[in-house]
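Participant: Need coordinates for the below:
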Amino acid sequence: MSIETEIKATTTMKITTKTVINIMYTSRFIENHIDKFKEREITMQQYNVLRILRGQKGNPANLSTLQERMIDKSSNTTRLVDKLIQKGFVKRSICAENRRKVEILITELGLEFLTELDPITEQANKDILQHLTTAELETLNILLDKLRNKQ
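Facilitator: As a prediction, this is how the structure comes out:
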């Protein structure tokens, strides 16, 4: 279905307007379909922090590292970490060498939780992208990177 049909547009849009609206609309569509975590009482932003910490492979991260790697840059990283600490998924400690530095590590419980969520997330990704071929997915990624001036 075209974006004009989806949003019930009554006038013809300029191609630049149509494209930006289409990207924004599609972004919300993906967010709504991939957010399978509500019943597990975790947000997409908290999930993102857990994945970043798992990617540290046992090494601690600090708040600025988490913030720069977040998908949603407007997230309050401190609040997200606090919520994950309450759930037992991460722990925070003071660096022994630099007492001003706060280190954040994923816990075993956090790693187990991600292991449960990984297949759910992968299936949601497959469901969303099922109508695109591998070649189309590769082209889409190239175009999205180019849109952000990274290619």
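Participant: What segments of the protein are strands?
Facilitator: 90-94, 102-106 (DSSP state E).
Participant: Determine which stretch of those is the most buried.
Facilitator: strand 102-106 (a mean of 19; mean count of other CB atoms under 10 Å). Backbone N, C-alpha and C define where each C-beta goes, glycine included.
Participant: Let me see the mean pLDDT of that strand.
Facilitator: Mean pLDDT, strand 102-106: 92.
Participant: centre of the chain versus that strand, how much separation?
Facilitator: 19 Å (CA atoms, centre = their mean, to the nearest Å).
Participant: angle of that strand against strand 90-94?
Facilitator: Interaxial angle, strand 102-106 versus strand 90-94 (axes from the mean of the first three to the mean of the last three CA atoms, to 10 degrees): 150 degrees.
Participant: so what does strand 102-106 touch, helix or strand wise?
Facilitator: Where contact means 3 or more CB pairs under 8 Å, 6 or more residues apart in numbering; DSSP states H and E, strand 102-106 is packed against helix 44-55, helix 63-69, strand 90-94.
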